[in-house]
Each structure stands twice: as structure tokens, then as C-alpha cells.
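In: Model the structure of this input:
(2 chains)
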Amino acid sequence: MKIFHFLEVDLKKFNHSKSRKIKLMICGSILVISFTVIGYRTISLASVNRDNITNILNKKIESRAFNSNLRGNIYDRNNKILATTIDTLSLNINPQEVLNKHETIFKLLHIFPQLDKKDLLKKFNSNKKHINLLREISPWEHVRLLQTGIEGLKIQKRSKRIYPNNTLASHILGSTDIDGKGIAGVENKFNSKLKKGENVTLSIHSGIQHITRKLLLDQITRFEADGGAGIVMDAKNGQIYSTVSLPDYNANNYSKILNKTLFNKATKGIYELGSTLKLITAAIAFESKLINENEVFDVSKPLKVSSRIITDFHPLNYSINIPEVIVHSSNIGSAKIAEKFGPNIQLKYLKSLGLTNILSLEIPELGKPQVLMDKKVLTTMTISYGHGISITPMHLASVTATIVNNGLKVDPTLILDQKSKKIKQIISPETSMKMKSIMRLVVSNKHGTAKKADVSGYLVGGKTGTAEKIRPNGGYFKKKNIVAFTGAFPMNDPKFIITIMIDNPKGQTFSYGFRTAGWVVAPVVKKLVTRIAPILDVKPQLESSSKFSNNLLNYKIRGKNKGAKL
Amino acid sequence: MIRYPSFLIIFVILFLAISLYQIKHLITKKEIELAQIKANINGAKSDLNILKAELSYLKRPDRIEKIALSKLGLKEILPTDIWDLKDLINITDSLNDGEHK
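Out: Below is the predicted model:
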């Protein structure tokens, strides 16, 4: 029967062909399945198992390898390590595995004489399976242990955060806890970044940080002061080159340090910084245009306001203008200027200068300023010369930078190459120029209060402040002072800000019993500028050069009892 | 009866199986090498960190200052040491002009 006659195939042939096709299909299917299985296995070998193998091997090798996820380093602006993590070895023991306890103790004492024999014996007789003998051993001690061959010993590796420069910038760096988590300073603020192994580069300059610390510490010792703070900052972008708070501590011993030492006086402590704030009063006076530049204020008599009498430390018997109020540091003059522009304008500028808010610095230890805002005449007057307003030295440095930086707001930062925010104009460049001229006179003029800060060639300018220290329960200490200086150099084109504060200096024989800022802080500024200017590539220049005279105004300053004519 | 193509198929399958087994072992071996290299890199990184920390410790500004002062007899740079000569020439010229006038 020819069914498929059109194909001209007979049934017999067809049956034979069908059987071959079925066989071929079966073989083909087996091949397809085999290759699918092989393909799957190949993929699984190449992908899934790879991780498993790596994990298993990593665990096996872990005992010999070091921790792969080390906490990131903290560097200074010249890539010098300020904080790093290293792996250390700790010595542990399983007493159950020790066969001859006395012999083992003898061997251990030979390598580690600091261990106590009785204590070791007690630990070796305990039922525990894991006892820590020493938290850290040196590589040399490790080698000696291996050579001695003590049974039951377990050497464990653990990460340790170290600060190679000990006390340098300890308040800024902060610390980590036993689990490696940042608990203070930059360690805390950048914990998530450092934890991932990323590095942080600070704007701090190790050399300048050291010089600031050393000079400040010397002066604190000379004047038997309680402590102090020192800041060196870039006047244009707010990058902090050094920020010191004394007393300080060795960052490697953070957990053993007293709270008093941990306190950051530069960024957390708020103080009445006295006459340094007269700079703000003068800037407001110029900026508000409510006061004529040549207007004079009678400072010959003490000023009585409500129950308070405002007096001057260096009384003058004539009327003085704004530059003279600043150079002679007249409280009466400052109060009278403030009375003219009033509390609303004063508060407006205090707010725009950032003196009512916490700074946006990259550490958690920041102090909130305290400003009396009752808008009373007396408050306005006292704030004008720095009483009734408590700020941190870092706030003062920021304000000084804003005043000398052509009035453009300067926010301090601890991070190198920080992206700059939108810059606000707080005061006009004209006011800034007047202020820079006056600040230079405070240092260069023979009647200025900061003569001891003058360094030939570096054109230092600024303002001193001596304030009575606030009692914790209210009121003021009569014989305890906070002395401060804030300024910049070189004043014709300010590049760096210097703010120094010393807490409770005592009058000394060599200072004729004086403990004012002019005696205590100004000499520190002089030494500091002399030493850091060459490092910062600030070249000395003559005051008579055109570069200087074109950028600053020349105000005439009269001395004591010379009030006849301006 | 097993035919020639079947032999070929079996041979190919066996060849692939052995090859896969070899590949698996090769991968395992390479994984061990990789893990060891990684461990060595981490170890080297850690050693490097220790060396950097030691270098930083030795280059402490207070230590360098002590050495500079006591061993090398260095002194701080004063403005007069680095004064710009042009400035001094200018001031001398201006003083001379004043004298002539």
C-alpha cells in the first residue's frame, strides 16, 4: 500500500526510516540534556561556587591574614598621618590546655616581666577556657613566645587606632571606642566614611599646629593661667591651619583622660571675649551710615546707664572718633556708638555674622553662643564692648575673617578642598578697608593696645580684649580674666587670621602685675607670626611701600591728654 | 550494538567531564592563590600603615624642633633674613631722593 506515494516511499522503507528518526531523537535529547547539565554546571562553577570557595578560603587564611577592612586614615594638609589603624597582637591563654602551669608561668615572666606571678597563677587555675593576659604584645615578644614554645597560648590579632603625634590636634581628631567606632571629634563626624576605609584629609598643618600649641603653652605656664585656645585660619576660605585647646591630652590615652582636659576651649567653650567685639561695633557703625566717620564721642567722664557705670581702663580727657575708640579700646566710646545705632541694627549684624548660631564646623564639639537679646539700652551698650555676649574663640576668628575679607562671610572649615558655599556679603568692602586700617593701628600705633604683637615686615593688625571671667552662679570674678586677641596679617591683604584666648592669667613681676591681653596675648601673636609667616609663604614687606598705602587708610590717633585738635 | 557516533558522543561527554573536573580544580587552585594574594596585599597594606605611622611618629614636629635646635643649631627665620631686596632698594632710593631734595 502506497500511502505516501507522492514521496515515492513505500511503507517498509517508511517504518525503517521512522525507527531511525526516533533513535536519533532520543540520542539528540540525551545530548541536549547532557549539554544543558554540563552548561549549568560550568556556569555554576564559574559563578556561584566561586564565592563559596573564596569565603571558605578567606576564613582559612584569616588566621594568617590581616584585617582587610581597616578604618581609613586621617591626614593633615601635607598628607602627614594624624590617625591610622594598625593590627596589634594580644596574648590570650586557655588554662585547660596548659600541662605544666609553673613552668609556663616561669617562661611567660621571663618574656613579660611586667606580669604578676600571683595573678598569673590565679588565672591559670581558673576554669575558664579563654583568658586575656596582655592586650598588646610587640612583634619581638611574639617571636620570643614562638621560640619558647608555650602550650595553650592563643595570639589574636586586633585593630588598634593610633595617633602618632600624641597631643597634636587631639581635640580635633577625637577618638574611637573599643569597637572602632568614632566617639569624638573628626573620628565621630566622619565615622561612616572612615569605617568604609576611606581617608579624610584635614586642613590642619601639623607644623603650625605644633608651633601654636607650644607658644600658647609657654605663655600659659609663664602667666600661670588655667588654659587657653589658639586658632590660625585662612582669611579667604576659612580653612583652619591650627586650632589648639589647652590643657590637651595624648589622643592615644583618650579613655583615661579627665573631662576637663577633653573640653575643647576653641570650639565648645563660650566666653565673654571683651573688647575684641568692639571691632563689630565699629563695623556696624561704619556700615549703618548712621554715624559720621568724623563724629566724636566724649569719653572724658564715666557713663552712667541705669544702675551701671561704664568706665575706661585708659581714661582720656577729650572726645574721640571711631578709630580712636578702637585703638584706645574705650568702653565709653563704644557704648555711645552702640547707643546711636541701637539694638535692632546690632542684633541684625550679630545674626548675619553668625554670632547667634552654632558654627557649621566638622566636629560635634561645638558651643552655642549666648547673647542677651532684651534690646535694652544697657544691654546694647555692654554688648558693644563684649559683655553680655558669650561666644567661642572660633566664632571670633570667623567674624574677624569676615571683617577683613572685604566683608564676605567666612565659615571656618577643617576639611581641605571643601566645596565653598554661596558666599554672603555681610559688610561692604569700604567698611572692611576702614576696619583693616584701624586694626593695623591697634598694633602699629604707639597708643595701640597690641603694640607687643607687632612684627616688623608682616603688618599684623587686630584687637585685644580683657574681660572679667563669669562666675558659674552669675556675676563676675573681679580678679579672674579672659584675655584675647583677634587679628590678621598682612593687613594690606589679609591672608591669615590669628585668634588667641588665655583663661585666667595671673599678674607676674616681669609684667609689673599686669594680666591684660596686651601683656599676655600680644607677645604670643608676635612670636607666632614670626615663626609661621615663612612657612605660610608670607613675605615681609615695608609698611611704606605703595602696596600697603594703597590698600589702607591713614587715621590720625591722638594720645593721652592730647585732645586739643584732631 | 553501539555504533560509531555513539562512541563519539560518549567520548565527547567523557572528555568534557574530565575537562570540567580539571577546570574546577584549576579554579579552586586559582582561588587559593587569589585569596593568598589578597591576604598578602592586606598584610602589606597593614605593614605599610605601621611604617607610615612610625614615620609620622619620627617626624613629629616637636621631635624635629628639638633636633633642629639642639643637634643642628638651627634658629627661627626672622623677617630680616628673607626680606625682598627690591623693597630694600626702593626704600634706599626713596631715602636718597629725600636727601637730595
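
In: now what about stretch B:12-20, what contacts it?
Out: Residues outside stretch B:12-20 that contact it (Cβ atoms under 8 Å, 6 or more residues apart in numbering or on different chains): A:34, A:38, A:41-42, A:45. All C-beta spots, glycine's among them, are computed from the backbone N, C-alpha and C.

In: Break chain A into its domains for me.
Out: A:1-65, A:74-201, A:208-250+A:257-551 (automatic domain parsing).

In: so of the contacts of stretch B:12-20, which ones are in helices?
Out: Among the contacts of stretch B:12-20, the members found in helices (DSSP state H) are A:34, A:38, A:41-42, A:45.

In: Longest helix in chain B, please.
Out: Max-length helix for chain B by DSSP H is helix B:4-58.

In: Show the contacting residues for A:Met233.
Out: A:239-241, A:397, A:401, A:410, A:412, A:496-497, A:499.

In: Out of those residues, which comes closest to chain B?
Out: Chain B lies nearest to A:Tyr241 out of the contacts of A:Met233, by Cβ to the nearest Cβ, at 13.0 Å.

In: Secondary structure class of that closest one, three-state.
Out: strand (DSSP: H, G, I helix; E, B strand; the rest coil).

In: Just the pLDDT for it.
Out: pLDDT for A:Tyr241: 98.

In: and if you look at A:Asn55?
Out: A:Asn55 is given a pLDDT of 64.

In: again, but for A:Val9
Out: Value for A:Val9, per-residue pLDDT: 51.

In: and if you look at A:Lys422?
Out: Reading off the model, A:Lys422 has pLDDT 80.

In: and the host helix or strand of A:Ser159, what does it pack onto?
Out: Here A:Ser159 sits within strand A:153-162, counting by DSSP states H and E. Counting contacts by 3 or more Cβ pairs under 8 Å, 6 or more residues apart in numbering or on different chains; DSSP states H and E, strand A:153-162 is packed against strand A:81-93, helix A:139-148.

In: anything in the next helix or strand after that strand near chain B?
Out: Downstream of strand A:153-162, the next assigned helix or strand under DSSP H and E is helix A:170-173. No - applying Cβ under 8 Å from any Cβ of the partner chain, one finds helix A:170-173 separated from chain B by no less than 12.7 Å.

In: list the helices and strands the next helix-or-strand element following helix A:170-173 packs on?
Out: Using DSSP H and E, the helix or strand that follows helix A:170-173 in sequence is strand A:175-176. With contacts taken as 3+ Cβ pairs under 8 Å, 6+ apart, strand A:175-176 sits against strand A:182-184, helix A:185-189.

In: Give the rounded mean pLDDT of strand A:175-176.
Out: 91.

In: before we move on, back to that, show me the two of the contacts of A:Met233 that sit farthest apart.
Out: A:Gln239 and A:Thr499 (14.4 Å; Cβ to Cβ).

In: Between the two, tell me which one has more neighbours.
Out: Set A:Gln239 next to A:Thr499 and count neighbours by other Cβ atoms under 10 Å in any protein chain shown: A:Thr499 wins out with 31 against 22.

In: which residue sits closest to that one, ignoring its sequence neighbours?
Out: Take A:Thr499 and drop its neighbours on the chain: the residue closest to it by Cβ to Cβ, 6 or more residues apart in numbering or on different chains is A:Ala397, 4.0 Å away.

In: ok so, going back, any idea how far the longest helix of chain B is from the chain center?
Out: Chain-centre distance of helix B:4-58: 25 Å, with Cα atoms, centre = their mean, to the nearest Å.

In: same deal with stretch A:250-264?
Out: Distance, centroid of stretch A:250-264 to centroid of chain: 15 Å (Cα atoms, centre = their mean).

In: So which bits of that stretch are buried?
Out: Within stretch A:250-264, the residues that qualify as buried are A:251-252, A:254, A:257, A:262-264, counting by 16 or more other Cβ atoms under 10 Å in any protein chain shown.

In: Torsion angles phi and psi at A:Gly152?
Out: For A:Gly152, the backbone dihedrals (degrees, to the nearest 10) come out as phi 80, psi 0.

In: ok, now which ones touch it?
Out: A:93-98, A:104 are the contacts of A:Gly152 under Cβ under 8 Å, 6+ apart.

In: what's the neighbour count on the residue nearest to it when sequence neighbours are not counted?
Out: Leaving aside its sequence neighbours, A:Gly152 sits nearest to A:Glu97 (Cβ to Cβ, 6+ apart; 3.5 Å). Applying other Cβ under 10 Å, we find 11 residues neighbouring A:Glu97.

In: thought A:Glu272 was touching A:Thr392?
Out: No - in this structure A:Glu272 lies outside contact range of A:Thr392 using Cβ atoms under 8 Å: 11.6 Å.

In: quick one, which of those two is more surrounded?
Out: Comparing A:Glu272 with A:Thr392 by other Cβ under 10 Å, the one with more neighbours is A:Thr392, at 30 against 24.

In: Dihedrals phi and psi, the more buried one?
Out: phi -90, psi 150.

In: now do A:Gly559
Out: According to degrees, to the nearest 10, A:Gly559 has phi -90, psi -170.

In: Relative to chain B, how far out is it?
Out: A:Gly559 is 27 Å from chain B, where distance means Cβ to the nearest Cβ, to the nearest Å.

In: what about that residue, how many neighbours?
Out: 13.

In: And A:Ser444, by the same measure?
Out: By other Cβ under 10 Å, neighbour count at A:Ser444 equals 19.

In: And for residue 44, the neighbour number?
Out: Let's take chain A. 11.

In: wait, chain B
Out: 11.

In: can you check the one 5 residues further on too?
Out: Residues lying near B:Asn49 (other Cβ under 10 Å) number 19.

In: Would you confirm that it contacts A:Asn73?
Out: Yes - look at B:Asn49 against A:Asn73 with Cβ under 8 Å: they come within range, at 7.5 Å.
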